[in-house]
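In: How does the following fold in three dimensions:
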Amino acid sequence: MNLLKPAQTQARKNPICEELIDFIIKGKLTPVTLKFFTEELYGLKTLQRLDENSQLVLQNILEEINDKIMPIVERTLLLLSELRGLVRAKQL
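Out: Have a look, this model is predicted:
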């Protein structure tokens with residue numbers, strides 16, 4: 001079962017389902033999705049939990065970048081600097 005592409009019959013039963021999946025995967029906010037978020041979910045715990053979860057996920061992504069990606073970028077820049085120095089030394 002593919003959760004990202006529900007069966008066509010399932011999508012027809014719940015039209016907001018396809019719109020929400022498009023929003024989650026593609027970031028595409030249609031008028032139907034906007035109405036759902038602003039009118040039907042406004043003031044509910046659902047949006048508050050969604051906001052909290054989004055903040056937590058974003059914080060986790062930032063931590064991963066700082067912990068894993070930034071050291072690799074720093075090492076790469078150091079290696080490139082050393083390579084540039086070697087190239088300049090051989091050119092002289």
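
In: Regarding this protein, what is its longest helix?
Out: helix 70-91 (DSSP state H).

In: buried ones in it?
Out: Neighbour-count burial for helix 70-91, counted by 16 or more other Cβ atoms under 10 Å, picks out no residue. From N, CA and C alone the C-beta is placed, and that goes for glycine too.

In: domain assignment for this protein?
Out: For the chain, automatic domain parsing gives the domain ranges 1-42, 45-92.

In: quick one: secondary structure of residue 28?
Out: Put simply, residue 28 is coil when judged by DSSP: H, G, I helix; E, B strand; the rest coil.

In: Excluding chain neighbours, give the residue nearest to it in space.
Out: Spatial nearest neighbour of residue 28, excluding adjacent residues (Cβ to Cβ, 6 or more residues apart in numbering): residue 22 at 4.7 Å.

In: does the one you found really touch residue 15, like I thought?
Out: No: Residue 22 lies out of contact with residue 15 (Cβ atoms under 8 Å); the separation is 11.5 Å.

In: Looking at these two, which one has more neighbours?
Out: Shown here are residue 22 and residue 15; by other Cβ atoms under 10 Å, residue 22 has more neighbours (15 against 10).
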